[in-house]
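Enquirer: Here is my input; please provide its structure:
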Amino acid sequence: MGSRRRTIVALTVAALSSLLALTGTAAAQSENRELIDGLEYQLLYVALPLTLFVLVILVYAAVKFHDNDDPEPTTEDPALEITWTVATALILLFVGLSGYSVLVNPYVSPSQALDSDNRSQEGFESFDDLPETGDEEVYVTGYQWEWQASYPGANVTTENEIVIPADENVTLWLTSDDVIHSLFVSDLAVKQDAFPGRYTRARTTVSEPGRYDAVCTEFCGAGHSRMDADIVVVEPETYDRWLETNEGNVTAAPEPG
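Expert: Model prediction:
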């Protein structure tokens with residue numbers, strides 16, 4: 001087997017191995033994560049063969065013409081130029097439509113799920129003034145350097161633990177008492193900024209009970225690096241029983257499972 005053929009085979013094997021490794025990852029644990037992972041895979045399925053194709057052409061040209069001492073200009077080929085222009089346009093259209101379909105999803109852009117009159121939360125003075133969403137709601141306040149969560153209707157408060165029920169639509173309303181913070185839950189693909197005097201919305205549905213790490217990703221002062229929390233996902237029955245048992249208290253989250 002010639003060196004050129006060995007190179008092509010090696011590139012093909014490496015690309016297929018990468019694809020199999022990526023598609024073999026664990027199932028998404030939230031609707032947000034599933035949407036974003038799905039978009040990444042769609043773009044990967046387009047980018048990987050294109051990358052492989054370009055690399056093969058590059059290797060072919062380098063091997064075939066490396067000792068060409070008298071190079072000549074490439075012959076004009078209008079059909080080829082039209083083909084790659086149209087192909088590029090179609091690829092960009094596919095990428096744009098795929099990205100747009102995810103960006104406008106109510107789990108990724110939750111303000112889209114509200115009426116147009118309610119999409120700006122700048123004029124509200126408290127959590128009680130916010131519009132109804134139909135989801136299970138948790139009010140989250142960031143301050144230097146903690147996260148506080150309260151649960152409307154139950155008068156329950158938790159510190160650095162945000163409890164939500166599994167398999168239900170959940171809205172997190174966020175605000176800040178001092179500077180800009182940002183709640184980021186990597187495993188669930190949830191990220192939303194918290195602004196002083198404003199109310200922003202994050203929305204998710206989590207399928208797997210457990211504890212998920214949340215951190216602040218907006219530099220907010222000397223204690224920024226230790227401003228973390230747990231998103232505690234429990235079964236709906238456990239969630240309801242916990243709220244009922246701890247009404248009026250500042251309490252710890254229940255254990256998942």
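
Enquirer: Pull out the buried residues from the longest helix belonging to the chain.
Expert: Secondary structure of the chain per DSSP state H: the longest helix is helix 31-64. For helix 31-64, burial by neighbour count (16 or more other C-beta atoms under 10 Å) applies to 31-36, 39, 42, 52, 55, 59. For every residue, glycine as well, the C-beta is placed using N, CA and C.

Enquirer: cool, stretch 204-220 as well?
Expert: Those would be 204-206, 208-209, 212, 214-216, 218, 220, for stretch 204-220 by 16+ other C-beta under 10 Å.

Enquirer: Just the terminal-to-terminal distance for that stretch.
Expert: Terminal residues of stretch 204-220 lie 25 Å apart, using C-alpha to C-alpha, to the nearest Å.

Enquirer: so how far is that stretch off the chain centroid?
Expert: 11 Å (C-alpha atoms, centre = their mean, to the nearest Å).

Enquirer: Same question for stretch 146-154.
Expert: 24 Å.

Enquirer: quick one: buried residues of that stretch?
Expert: Those would be 146-151, 154, for stretch 146-154 by 16+ other C-beta under 10 Å.

Enquirer: Take the residues you listed and write them to CSV, including pLDDT.
Expert: Putting the buried residues of stretch 146-154 into CSV (pLDDT from 0 to 100) gives the following:
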residue, pLDDT
146, 95
147, 96
148, 95
149, 95
150, 94
151, 94
154, 87
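
Enquirer: Can you tell me the SS state at the residue lying closest to residue 34 once chain neighbours are set aside?
Expert: Leaving aside its sequence neighbours, residue 34 sits nearest to residue 28 (C-beta to C-beta, 6 or more residues apart in numbering; 3.7 Å). When classified by DSSP: H, G, I helix; E, B strand; the rest coil, residue 28 comes out as coil.

Enquirer: And residue 222, by the same measure?
Expert: Applying three-state DSSP: residue 222 is coil.

Enquirer: Is residue 133 in contact with residue 152, as I believe?
Expert: No. Applying C-beta atoms under 8 Å as the test, residue 133 and residue 152 come out as separate, 11.2 Å apart.

Enquirer: Give me the contact list for stretch 240-256.
Expert: 151, 154-159, 161-163, 165, 209-211, 230, 232-234, 238-239 (C-beta atoms under 8 Å, 6 or more residues apart in numbering).

Enquirer: Going through the residues you listed, which ones are buried?
Expert: 151, 154, 156-158, 161-163, 165, 209, 230, 232-234, 238-239.

Enquirer: quick one: which two of those are the most distant?
Expert: Maximum pairwise distance among the buried ones among the contacts of stretch 240-256 (C-beta to C-beta): 21.5 Å, between 157 and 209.

Enquirer: where does this structure have low pLDDT?
Expert: Low-confidence segments of the chain (pLDDT under 70): 1-27, 112-123, 257.

Enquirer: repeat that for 80
Expert: 1-28, 69, 71-75, 111-125, 257 (pLDDT under 80).

Enquirer: can you give me the strands in it?
Expert: 136-143, 146-151, 156-159, 161-165, 170-176, 181-185, 190-194, 200-204, 210-216, 228-234 (DSSP state E).
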